[in-house]
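[1] Here is the input, now give the coordinates:
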Amino acid sequence: MATEMRRPRTARFGGRLLAASLAATALAGCTTATNSQSPGRTQISSAQAPHLGQILVNGTGRTLYLFVADPPNQSTCSGACASIWPPATTQGAPTTAGSAQQSQIASISRPDGPPQIVYGGHPLYYYQADTGRGDTRGQALTQFGAEWYAVSPQGQQVQSGTSAGSP
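    Now for the predicted structure:
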């Protein structure tokens, strides 16, 4: 009499769960693109911020910052720093719009993820407490041993103003 081998129910369910998890991860990756004409490529633009003037933002209006401790074209923010100040990354060559200048933009390799966008030699970051379009809560903060500033379209740190939320 032949004995039928049956896979445990948990093994069948686990395979479906893994497939669903992988599909969700793939879909989540698709939603990170901010340049609809070139998916995966981040677009850097400019916006007028109260008390700061023109600053760099991403395609959804999120403020971009520089870290004063970073040497030119090199990021020193990783681990706990990168969890609070996530690097602005791109899957392809980043593009510009508004007053942002294409000649100022580049990207650098990171050991912990996709390439990071650099503008005027400054690696760019977001601040995790900025939750809405135009928030500048990270402006002029000192964290991880140095100051953080919004970036002008000329590639300079914007020193006027202090951290603030959206109006």
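
[2] Okay, the residue positioned nearest the centre of the chain and H51: tell me how far apart.
    By C-alpha atoms, centre = their mean, the chain has its centre lying nearest to A88, at 2.8 Å. Noted for A88: a distance of 22 Å to H51, by C-beta to C-beta, to the nearest Å. C-beta: built from backbone N, CA, C; applies to glycine.

[3] Over to L141?
    To H51, L141 is 15 Å away according to C-beta to C-beta.

[4] which one of those two has more residues nearby?
    A count of neighbours by other C-beta atoms under 10 Å puts L141 above the other of L141 and H51, at 18 against 11.

[5] Surely that one and E147 touch.
    Yes - L141 is within contact range of E147, at 7.0 Å (criterion: C-beta atoms under 8 Å).

[6] For the protein, which segments are assigned as helices?
    Using DSSP state H, the helices assigned to the chain run over residues 9-30, 80-84.

[7] what bridges to Q157?
    For Q157, the beta-bridge partners under DSSP bridges are V151.

[8] Just give me the neighbour total for it.
    If you count neighbours by other C-beta under 10 Å, Q157 ends up with 18.

[9] Would you check that it makes contact with L66?
    Yes - applying C-beta under 8 Å, one finds Q157 in contact with L66, separated by 5.7 Å.

[10] and for these two, which residues touch both?
    By the contact definition C-beta atoms under 8 Å, 6 or more residues apart in numbering, Q157 and L66 are jointly contacted by H122, Y149, V151.

[11] Could you measure from T90 over to I108?
    Taking C-beta to C-beta, one finds T90 at 11 Å from I108.

[12] Poorly predicted segments of the chain, please.
    Counting by pLDDT under 70, the chain shows low-confidence ranges at 1-39, 161-167.

[13] State the distance from the nearest residue to A129 once chain neighbours are set aside to A69.
    Nearest non-adjacent residue to A129, counting by C-beta to C-beta, 6 or more residues apart in numbering: R137, 4.6 Å away. For R137, the distance to A69 equals 19 Å [C-beta to C-beta].

[14] Please apply the same query to P50.
    Separation of P50 from A69 (C-beta to C-beta): 27 Å.

[15] neighbour count winner among those two?
    Remark: of P50 and A69, A69 carries more neighbours, 14 against 11, as counted by other C-beta under 10 Å.

[16] Once you drop chain neighbours, what's closest to that one?
    Excluding the flanking residues, the one nearest A69 by C-beta to C-beta, 6+ apart is A146, at 3.6 Å.
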